[in-house]
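**Student:** structure for this input, please:
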Amino acid sequence: MSHDYRKTPEALSRLTANQFRVTQDGATETAFRNEYWDNHEAGIYVDVVSGQPLFSSTDKYDSGTGWPSFTRPLAADAVRTETDKSYGMVRTEALSTGAGSHLGHVFGDGPVAEGGQRYCMNSASLRFVPVAELEAQGYGEYRSLFEATSTEEHAS
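**Tutor:** As a prediction, this is how the structure comes out:
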């Protein structure tokens, strides 16, 4: 099934001021004062602008930074990176491929066993879809990610 995850004027008009600053102007929200840094519920995280699936809670971990951190995107083509030289630093910026939303930054200090990457994202760039709502919100194809996890948990 093909989806159109482009940015539209309608989608931008639905954003809060903070979501707009983060996704469109490249702002960074405050650590430990954002919606998903401490979310432990199972589900996926999608681009707040376009709805493009970006990350899974199965790849989320506590990096101690105060922002939601993931070891990898849901699909290799969901996130693109660019060099960010703002604020006198050189960092790797993460953007959604569909809408070009600024998501956060990628660092090489993630869990080594999981590839060593830390996708440090802004909650304001994401919308969380709980497992129980995947089908209703059009993301049913991702349910299998969580069925394997719950089977493994019950087997232990």
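
**Student:** may I have the distance across stretch 126-140, first residue to last?
**Tutor:** 18 Å (CA to CA, to the nearest Å).

**Student:** same check, this time on stretch 89-106
**Tutor:** OK, stretch 89-106 end separation, CA to CA: 13 Å.

**Student:** return the set of buried residues in it.
**Tutor:** 91, 93-106 (16 or more other CB atoms under 10 Å). Quick note: C-beta positions are derived from backbone N, CA and C, even for glycine.

**Student:** what about the helices in this structure?
**Tutor:** Along the chain, the segments classed as helices by DSSP state H run 9-13, 17-25, 144-155.

**Student:** what about the last one, average pLDDT?
**Tutor:** Helix 144-155 comes out with an average pLDDT of 64.

**Student:** likewise the second one?
**Tutor:** Regarding helix 17-25, the rounded mean pLDDT is 98.

**Student:** contacts for it?
**Tutor:** 12, 15, 27-29, 47-49, 99, 101-103, 122, 124-125 (CB atoms under 8 Å, 6 or more residues apart in numbering).

**Student:** filter those down to the ones in strands?
**Tutor:** 47, 102, 103 (DSSP state E).

**Student:** which of those residues sits closest to residue 75?
**Tutor:** Comparing these against residue 75 with CB to CB places residue 47 closest, at 12.5 Å.

**Student:** contact partners for the closest one?
**Tutor:** 5, 23, 54, 96, 98, 99, 101, 103, 125, 126, 127.

**Student:** what would the residues you listed look like in JSON lines with distance to residue 76?
**Tutor:** Below are the contacts of residue 47 laid out as JSON lines (distance: CB to CB, whole Å):
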{"residue": "5", "distance to residue 76": "15"}
{"residue": "23", "distance to residue 76": "21"}
{"residue": "54", "distance to residue 76": "12"}
{"residue": "96", "distance to residue 76": "13"}
{"residue": "98", "distance to residue 76": "14"}
{"residue": "99", "distance to residue 76": "17"}
{"residue": "101", "distance to residue 76": "17"}
{"residue": "103", "distance to residue 76": "15"}
{"residue": "125", "distance to residue 76": "19"}
{"residue": "126", "distance to residue 76": "18"}
{"residue": "127", "distance to residue 76": "21"}
